[in-house]
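Peer 1: when you get a sec, could you give me coordinates for this:
(one chain, ligands or ions: 1)
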Amino acid sequence: MPVELEVINMEDIIIENATVIPVRPAGAVLENHSVLIQDGKISAVAPRDTINKNFTLNESKIIDGRNKLVLPGLINGHTHLPETLLRGICDDEMLEKWLWENVWVWEGRMTAKEAKAGSLLGCLELIKNGVTGFIDQFYYGNEIAEAVVESGIRGLLCPSVFDNNAEAGSIDNCFKRACEVVDQWYGKNERVMWGMGPHAPYTVNKEWLWKIKDFGHDRKLPIHIHMQETQWEVDEAIKNFGKSPFQYLLDIDLLTEPILAAHCVFSSEEDRKIMAGHDIHVLHNPTSNLKLSSGIAPVTDYLDAGINVSVGTDGNGSNNDLDMLSEIQLAALLQKFRTGKPTAMPLDRTLDTATINGAKAMGMGDKLGTLEVGKLADVVIMDCSGVNMNPPHNPLSNLVYSSSSKDVETVIVGGNIVMENRKVLTIDEEKVISDAIEAMHVLRGD
Ligand SMILES: [Zn+2]
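Peer 2: Below you'll find the model as predicted:
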């Protein structure tokens, strides 16, 4: 049953005398600034004296921000959370064989118990990597939602609709189960948001896509779907429908809904025109696309066309971690290589793909993704004392190109501290890992 997270810490929090990267204004680096958090929101980003003059602080928790970087919580644009249990099962196959003969076989052995263990492991890994929000597509929405609530993170969950899945079997049962989970949880917890997750146009036919659209339309549920991930997929669509997957979705009237389109490695000029003209967000997963030899997405073409791009990791079966800092580093480098232009992905544009662009994809661009007054206090504090962060010529450059997720020290979600000095406060780290190992044995049939 949906439950509210117990409020851990709703006293005022002040992070004082830090280097703040607020994401807006773009490229800003505010030295010796303090961040005030009240009632779960950002109340001020200013020098400490200014805050002292303008605010009365009640029983505040004070965090020393010297030699620290403060930034908005990162947002992972595309995950399959229980796939943490599939980390390392198959490293050297193309997408089609990887999916049909490996991932889907392993997922088929998962029960709700393993899905919960994998979801908690995923939440733990996200928090440790400085991620405060993520966009997921998987079965077992109930177990993922419970893990989100328990761990203190924020998630947009899109139950998968797909044939022969582990939780519900055939596609009609799967659709029914997805609708039930959304009905059960919708509006119950502000950190758990919902969409629908038809796997892809090549696995879910138009009749089911229409049912999904009808179910979600009134609640404005986004449709989270894999799109144009491989050349094979585009060729199949042209063979079967006479058009690309995006043109096909346009023709069957699905683009009236917000679309969260994972991958988009391949697209024509015409596809990009369609994407720019609709509420379509690209969820870009560079590691997964390289590992499965799918290709390099034309990210700067999307951004130049005004299409929102949020970077994600994809599931652990194809990444194999949930490390967003390494993911945006790779995203930037690939575009520099692909375009032959080192200016293709400047620092601010790169950081946007893990913060404000992810917030927009979640439908929360006005509430998350930057450290602006009035936004929800999803905040990450990073330690800058490590050798990789010095000297601090340019803290934004150090963040994008030389920081490591191990530098993430403290994570705050909606004003609640969920990790402090690298200790996760919400869930028992050792138990989460030992339960995941137990689940691995179950999936292997040991
Ligand atoms: Zn995926």
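Peer 1: please pull out the lowest mean pLDDT helix or strand from this structure.
Peer 2: helix 95-98 (a mean of 86; mean pLDDT, DSSP states H and E).
Peer 1: what residues sit buried inside it?
Peer 2: Along helix 95-98, these residues count as buried under the neighbour rule (16 or more other Cβ atoms under 10 Å): 95, 98. The way it works is simple: take the backbone N, C-alpha and C, and place the C-beta from them, glycine included.
Peer 1: export that helix to CSV, keeping only CA atoms.
Peer 2: Provided in CSV are the C-alpha atoms of helix 95-98 (Å, rounded to 0.1, in the frame of the first residue of the first chain):
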residue,chain,number,x,y,z
LEU,A,95,20.8,-5.4,-28.7
GLU,A,96,18.5,-8.0,-30.3
LYS,A,97,20.3,-11.1,-28.9
TRP,A,98,21.0,-9.3,-25.7
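Peer 1: give me the low-pLDDT residue ranges for this structure?
Peer 2: By pLDDT under 70, the low-scoring segments of the chain are 1-9, 164.
Peer 1: who's sitting farthest from the centroid in it?
Peer 2: With distances taken from the mean C-alpha point of the chain and given as Cα atoms, centre = their mean, the most distant residue is residue 53, at 37.7 Å.
Peer 1: point to the residue nearest the middle of the protein.
Peer 2: residue 76 (2.0 Å).
Peer 1: any idea how far that residue is from residue 410?
Peer 2: Between residue 76 and residue 410 the computed distance is 18 Å (Cβ to Cβ, to the nearest Å).
Peer 1: can I take it that residue 247 is in a helix?
Peer 2: Yes: the assignment for residue 247 is a helix, going by DSSP: H, G, I helix; E, B strand; the rest coil.
Peer 1: how much space between it and residue 283?
Peer 2: Distance, residue 247 to residue 283, by Cβ to Cβ: 20 Å.
Peer 1: ok, residue 105 next?
Peer 2: Counting by Cβ to Cβ, the gap from residue 105 to residue 283 is 25 Å.
Peer 1: phi, psi of residue 226?
Peer 2: phi -80, psi 130 (degrees, to the nearest 10).
Peer 1: ok so, going back, in CSV, could you pull the C-alpha coordinates for the helix or strand where the residue farthest from the centre of the chain lies?
Peer 2: Assignment of secondary structure by DSSP states H and E places residue 53 within helix 48-54. What follows is helix 48-54 as a C-alpha-only set of coordinates in CSV (Å, rounded to 0.1, in the frame of the first residue of the first chain):
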residue,chain,number,x,y,z
ARG,A,48,25.6,34.3,4.3
ASP,A,49,25.4,37.9,5.5
THR,A,50,22.5,38.6,3.1
ILE,A,51,20.7,35.5,4.5
ASN,A,52,21.3,36.6,8.0
LYS,A,53,19.8,40.0,7.3
ASN,A,54,16.7,38.7,5.5
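Peer 1: so which bits of that helix are buried?
Peer 2: Buried residues in helix 48-54, counted by 16+ other Cβ under 10 Å: 48, 51.
Peer 1: sheet partners, orientation included, of the helix or strand just after that helix?
Peer 2: Scanning forward in sequence from helix 48-54, with DSSP H and E defining helices and strands, the next element found is strand 61-64. Applying DSSP bridges to the sheet, strand 61-64 is found paired with strand 13-20 (parallel).
Peer 1: which is the next helix or strand following the partner strand?
Peer 2: On the C-terminal side of strand 13-20, the nearest following helix or strand under DSSP H and E is strand 30-38.
Peer 1: contact partners for residue 269?
Peer 2: By Cβ atoms under 8 Å, 6 or more residues apart in numbering, the contact set of residue 269 is empty.
Peer 1: gap between it and residue 279?
Peer 2: Remark: distance between residue 269 and residue 279 (Cβ to Cβ) = 20 Å.
Peer 1: from the chain's centroid, how far away is stretch 47-57?
Peer 2: Using Cα atoms, centre = their mean, to the nearest Å, we find the averaged C-alpha position of stretch 47-57 to lie 34 Å away from the chain's own average C-alpha position.
Peer 1: also stretch 17-34?
Peer 2: With Cα atoms, centre = their mean, you get 23 Å for stretch 17-34.
Peer 1: now do that stretch: distance from first to last residue.
Peer 2: Looking at stretch 17-34, the gap from its leading to its trailing residue is 5 Å under the measure Cα to Cα, to the nearest Å.
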